[in-house]
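> Got a predicted structure plus its sequence, pasted below:
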Amino acid sequence: MDLVAALLFTLTIMLVVSRYVDEVAAALAGVTALILLTNYTPEEAFNFVEWNVIAILLGMWIIAGYMIEGGFTEATIRLVSRSAGTYRKFLLYMALLSGFISMFIDNVLVILLVGSLTIAAAKKAGGNPVLAILLVGFSANFMGTALLMGDLPPQLLHTIAGAEFLDFIWTRGKPSSFPLLTATFLLTLGVFYILFIRREPNSRIDDAGLSGESTNRGGLLIISLTFFTMTVIAMALRPLLGFPLGFITMAGASQLALTVEVLRRLGLAGMVEFENALKHVEWRALLFYAALFSLVGGLESEGVIEEIARLLVGSVSSDPAIAYTVMYWSVGLLSLVIEHDALLLTFLYIVKDAASLAGIDPWNIYWGMAWSATLASNATTAAAPALYVAVAMSDREGHRVRALEFLKYSLTFAFTSLIIHYIITLIVWI
């Protein structure tokens, strides 16, 4: 094992977690250091990037960008605010909205879209704006692993474990990520309501000022939703089509872009330029994910992952319930304070090697680690960048998030969901 590679990787992750410097800059610098100070080559660093995953995320963000430009967010929020009636119900509706939209759109983007509105509603109702924006942040960060489109963990399950789109709904004769996480999400919201939300004022809430400005882009919304639906169907049929998911999503995004461009040239009202959709793409996130792949690739190339895997052979080859429990809680507890995408990527490779050495099927362990990493990351801003965005937005709006207040909400949400999901999956999955 190359101790230099292990040390460089550890220092890089510490920089990422501490947020002392920009995370992307730290990750890229770490890749550079690995190349300069070990036997890791630039070609290996490039080839270790899972470009299929990058293409999936990019394609879905472009499609989502057109949906947003078409007024999807305004229409949805208008429906929520009119249906809620009272502030407490509004908070629950916004949590559900943030959670389920994040299955298709990056969680940071979800928070940016609905966060300010939620804070404004809290002010009007006399509620706690910090609780409101954090609830949106927790929810958006929660459900991204429910399907194969919203966040990096499901993309990693597809790439490393071979999970297909329909595997997230039903797999190997069992309910999978979407139904199990949905059940956990609803139960966690129930606990959170009893502990915190029911203490908020229950005044009537007017949708005036909450629904956003109406747009004259109904045609664009219909077109983008059509292409979105077609892309999701094609993703579900990927095993039959034989194309990589990255190609499918980029094909859907490119055909949508071409259609909108042609209609715009023909003078159809409401069509936007391609650059309007591109502004919703999280370019920094794509660069950060690419750097993470290269970082973990350095560990793989230098033999670090193989050595760690040998240490874990005994854990993953024990009784299935014990192996699941050990890895679920090990990754979960680490994900309380470590950026969960980087941690999960590393552990998926480690368990893959350990399972190969032990001669076992690690399918259950893969899923358990993805779930626990996602749920535990709601504990701190270091573990989930989405929460950092939520806290920054609250501070910017004049409602400073105190450390103890944040931890009161975050640790309750994280540990409640971890325990509930563990019990459900131990009964249903193992």
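Perfect, thanks for sending it.
> What's the local residue count around Phe347?
Each residue near Phe347 was counted by other Cβ atoms under 10 Å, and the total is 26. The way it works is simple: take the backbone N, C-alpha and C, and place the C-beta from them, glycine included.
> That one reaches Ser335, doesn't it?
No - the criterion here is Cβ atoms under 8 Å, and Phe347 misses it with Ser335 at 9.6 Å.
> and for the two, which residues touch both?
Ala373 (Cβ atoms under 8 Å, 6 or more residues apart in numbering).
> And the pLDDT for the residue positioned nearest the centre of the chain?
The centroid of the chain falls nearest to Asp151 when counting by Cα atoms, centre = their mean (3.3 Å). Looking at Asp151, its pLDDT stands at 85.
> which residues in the stretch 151-300 of the chain form strands?
Using DSSP state E, counting those that start in this stretch, the strands of the stretch 151-300 of the chain run over 170-171, 174-175.
> want to throw these into CSV with distance to Leu357?
Converted to CSV, those look like this (distance: least, Cβ to Cβ, whole Å):
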stretch, distance to Leu357
strand 170-171, 25
strand 174-175, 26
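> so what's the residue nearest to the centre of the chain up against?
Asp151 sits next to 102, 106-107, 144-145, 374 when contact means Cβ under 8 Å, 6+ apart.
> Keeping just the C-alphas, turn the helix or strand of the chain with the lowest mean pLDDT into PDB.
Within the chain, no helix or strand scores below helix 72-84, which has a mean of 80 by mean pLDDT, DSSP states H and E. The C-alpha coordinates for helix 72-84 follow below in PDB (Å, rounded to 0.1, in the frame of the first residue of the first chain):
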ATOM      1  CA  PHE A  72     -42.500  24.300 -13.400                       C
ATOM      2  CA  THR A  73     -41.400  25.600 -10.000                       C
ATOM      3  CA  GLU A  74     -43.900  28.500 -10.000                       C
ATOM      4  CA  ALA A  75     -46.800  26.300 -11.000                       C
ATOM      5  CA  THR A  76     -46.000  23.700  -8.300                       C
ATOM      6  CA  ILE A  77     -45.500  26.200  -5.600                       C
ATOM      7  CA  ARG A  78     -48.700  28.000  -6.500                       C
ATOM      8  CA  LEU A  79     -50.500  24.700  -6.100                       C
ATOM      9  CA  VAL A  80     -48.900  24.000  -2.700                       C
ATOM     10  CA  SER A  81     -49.500  27.400  -1.200                       C
ATOM     11  CA  ARG A  82     -53.200  27.400  -2.300                       C
ATOM     12  CA  SER A  83     -53.800  23.800  -1.000                       C
ATOM     13  CA  ALA A  84     -52.000  24.200   2.300                       C
END
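> Which positions within that helix qualify as buried?
For helix 72-84, burial by neighbour count (16 or more other Cβ atoms under 10 Å) applies to 72-78, 80-81, 84.
> pull the longest helix from this structure.
Taking DSSP state H as the criterion, the chain has its longest helix at helix 403-428.
> helices and strands around that one, which ones?
Secondary-structure packing of helix 403-428 (3 or more Cβ pairs under 8 Å, 6 or more residues apart in numbering; DSSP states H and E): helix 129-142, helix 177-195, helix 320-334, helix 363-376.
> buried ones in it?
Within helix 403-428, the residues scored as buried using 16+ other Cβ under 10 Å are 406, 409-410, 412-418, 420-422, 424-425.
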